[in-house]
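**Q** Starting from these lines, generate the structure:
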Amino acid sequence: MAQHLVGWLFAAPAIAFYVAFVIIPLLHTLQYSLYRWDGIGPSTYVGLQNYAHLFSNSTLLKSILNALKLIVFFSVIPVALGLLIASTIRRIAASRLAGFARVIIFIPQVIPLVAAGIIWSWLLASNGLVNQVLAAFGLKHVTRAWLGDFTFALPSVGVIGAWVLLGLCTLLLLAGMTKIDPEIYEAARLDGAGPVREFFAVTLPALRQEIGVCVTVTVIAALASFDIIYISTQGGPGNATMVPGYAIYYLAFFQREVGQASALAVGLMILVLLFILPIQWLTRERKR
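**A** Numbering: from 1, shown residues only. Predicted coordinates:
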């Protein structure tokens, strides 16, 4: 009994902070989502009207669709490339090149997202380095203002996100690979397994939890993306790169539709849970 009491006493500050900065704001957001309010004047109760508007407003629906498309760039590509790069680094672990590769790949993680957005805005500008390189290789007809093009703006933002998250995924997966018993690899080689079969038969099954963490973090980053969008495109051109995170900000602080912004925030939270809970269930370690 005394041990449980001591445990609660130690946990009380953390619980208090969690309630104050997570639960209470969440409850307020749920409350605001049921009202039409400009953030200053009196509010009007509208029930579920703000939620219904999410499904009838083409701009808000497109923002959600854009976030789903970004999952490919923010999650699928970094995890897939991370597996390939981590496996390669593991094979050359004894060389100095492995340590150098770790540093180079992880550099984007230590760069603030705001700085990353500014850097890539310069690189992808109409006279930026990317277009200069393409022109040097005789591909001037391909050059364009990548972040200002209705077709390529969203993929360009996705490339920035993939670049930022690749280092994190690679190091997480590499850390998972170091826990695999080398004798398992030796046994696989004795059975005649080549590098590809060894990867799918030994490495991939052993990284279930690490892959789950990578997918969870990157999917949340895709669905809740804001920083890169705000710095590089601000949802443009038109609404080509509008995502829920930026739409919430725009609705609340520019259009003064706090109730609608709150409803979108709740919808985004539900969307994140719909993706994350199955991922957690599929990748958690099974008890034997």
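**Q** For the stretch 151-288 of the chain, just list every one of the helices.
**A** If DSSP state H, counting those that start in this stretch is used as the criterion, the helices of the stretch 151-288 of the chain fall at 153-178, 182-190, 195-198, 204-206, 208-223, 227-232, 244-253, 258-283.
**Q** What of the stretch 1-150 of the chain?
**A** Assigned by DSSP H, counting those that start in this stretch, the stretch 1-150 of the chain shows helices spanning 2-18, 24-32, 49-56, 58-71, 77-91, 96-110, 113-123, 129-136.
**Q** now the last one, how far from the centre of its chain.
**A** The offset between the C-alpha centroid of helix 129-136 and the centroid of the whole chain comes to 28 Å, using CA atoms, centre = their mean, to the nearest Å.
**Q** That one vs helix 113-123, what angle?
**A** 30 degrees (axes from the mean of the first three to the mean of the last three CA atoms, to 10 degrees).
**Q** Mind giving me the packing neighbours of helix 129-136?
**A** In this structure, helix 129-136 makes packing contacts with helix 113-123, judged by 3 or more CB pairs under 8 Å, 6 or more residues apart in numbering; DSSP states H and E. For every residue, glycine as well, the C-beta is placed using N, CA and C.
**Q** which residues are in contact with the helix it packs on?
**A** The contact list for helix 113-123, computed with CB atoms under 8 Å, 6 or more residues apart in numbering, reads 108, 111, 128-130, 147, 156, 159-160, 163-164, 227-228, 230-232.
**Q** try 10 Å
**A** 108-109, 111-112, 128-133, 146-147, 156-157, 159-161, 163-164, 221, 225-233 (CB atoms under 10 Å, 6 or more residues apart in numbering).
**Q** Quick check on the residues you listed: which are buried?
**A** Buried subset of the contacts of helix 113-123 (neighbour count, 16 or more other CB atoms under 10 Å): 108, 128, 130-131, 146-147, 156-157, 159-161, 163-164, 221, 225-233.
**Q** related to what we said a few turns ago, now for the helices of the stretch 151-288 of the chain, which one comes closest to residue 98?
**A** Residue 98 sits nearest to helix 153-178 of all the helices of the stretch 151-288 of the chain, at 9.3 Å, using CB to CB.
**Q** List the buried residues of that closest one.
**A** Result for helix 153-178 [16+ other CB under 10 Å]: buried residues 153-174, 176-177.
**Q** Repeat that for stretch 34-53.
**A** Neighbour counts over stretch 34-53 (16+ other CB under 10 Å) mark 34, 35, 36, 37, 43, 46, 49, 50, 51, 53 as buried.
**Q** Is it possible to get a markdown table of these that adds pLDDT and distance to residue 97?
**A** Shown next, in a markdown table, are the buried residues of stretch 34-53 (pLDDT from 0 to 100; distance: CB to CB, whole Å):
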| residue | pLDDT | distance to residue 97 |
| --- | --- | --- |
| 34 | 95 | 58 |
| 35 | 95 | 59 |
| 36 | 94 | 60 |
| 37 | 92 | 58 |
| 43 | 90 | 61 |
| 46 | 94 | 61 |
| 49 | 95 | 60 |
| 50 | 94 | 55 |
| 51 | 94 | 54 |
| 53 | 92 | 55 |
